[in-house]
Every structure is written in structure tokens, then in C-alpha cells.
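here's a sequence, model it:
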Amino acid sequence: MTRAKLFAGISRLDEAQADVAEAKARLADTVGDIQSRLAPSRIFDDAMAGVKSTSTSLFESANNVARKRPAAVSAAVAALMLLVAHRPVLRLLRLLARRPRRRVDPTPPPKTKPAPRKRSARPKGYADDRDL
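Numbering: from 1, shown residues only. Next up, the predicted model:
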């Protein structure tokens, strides 16, 4: 076997090793990208950005609806408040329904003199009765 035949496949071997090195480098970059995307801080930041954009658009649309239809929005807020606080409201309504209404007499009451106050007799032994 001659030397030329022995080393004939080396050029293909070098190419294969270079391809393997390139594949390893690409794989390392891909793994690094995946790790950076799955980092908890990155996930949190992405989620917060989504929440901020969604809440901003929701607020803007609610603001537009409130400006166009204030009566409907007021009714919806009142219904929501009744839904949330229905027990105290019902308790108040029941209390008001049970309370008898007082009729107001248009004639003023007759004027009378107040009765004189009676002095109460104190038992003996108080400091006022002793000689000091």
C-alpha cells in the first residue's frame, strides 16, 4: 500500500471534523438561547410586559366606553356594587321596611309649665349634715 492511498481520505476527514465542530458551536448557541429564554427573570419580564400592554388597552377601551355612555357605565357599576355588597344593602332595606312611619301632627303640642323639681331627702350621715 502506498503512502498516497493511505492518506487519501484525510481531506474528507478534516472536512467532517470541521462540520462536527460547526454543529457543536450551533448546538451550544441554541442551548444558550433556550437557557436565556427560560430564565425566570426573562419569563417574568415577558409576562409583565404582556400584562401591561393588555391592561393598558383594556383601560383605554373602558375609558372610551365610559365617555360614550356614562349612564350605562353608572348602571353597571351600581349593579356590580349591589352584587358585591348585597347583604348589607338587603339588611338596610329590610330595616327600613319594618320601621313604622311616624305621622307628623301639624298642630303644635300645648305649652305647659314644667313641673317643679322635688328635692330628694338625703339620709343622715352625709358630709353636708355633719359639723365640721
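
tell me the secondary structure for residue 102?
Per DSSP: H, G, I helix; E, B strand; the rest coil, the secondary structure class of residue 102 is coil.

what is the burial count for it?
For residue 102, the neighbour count with other CB atoms under 10 Å is 6. All C-beta atoms are positioned from the backbone trio N, CA, C, and that covers glycine.

go on, residue 76?
Counted with other CB under 10 Å, residues neighbouring residue 76 total 13.

packing partners of the helix or strand encompassing residue 67?
Residue 67 belongs to helix 40-68 when elements are defined using DSSP states H and E. If you count contacts as 3 or more CB pairs under 8 Å, 6 or more residues apart in numbering; DSSP states H and E, helix 40-68 packs onto helix 70-84.

for the helix it packs on, packing partners?
So helix 70-84, by 3+ CB pairs under 8 Å, 6+ apart, packs with helix 40-68.

would you mind measuring from the residue nearest the centre of the chain to residue 61?
The centre of the chain sits closest to residue 55, judged by CA atoms, centre = their mean, with a distance of 12.5 Å. According to CB to CB, to the nearest Å, residue 55 and residue 61 sit 11 Å apart.

same question for residue 34.
Distance, residue 34 to residue 61, by CB to CB: 36 Å.

repeat for residue 31
42 Å.

ok, how many other residues are close to residue 84?
Residues near residue 84, counting by other CB under 10 Å, number 10.

pull the helix or strand with minimum mean pLDDT from this structure.
Within the chain, no helix or strand scores below helix 3-6, which has a mean of 57 by mean pLDDT, DSSP states H and E.

what's the first helix or strand after that helix?
Following helix 3-6 in sequence, per DSSP H and E, is helix 10-37.

how distant is that following helix from the center of its chain?
Here helix 10-37 is found 49 Å from its chain centre; the criterion is CA atoms, centre = their mean, to the nearest Å.

name the helix or strand for residue 108, please.
Per DSSP H and E: residue 108 is located in neither a helix nor a strand.
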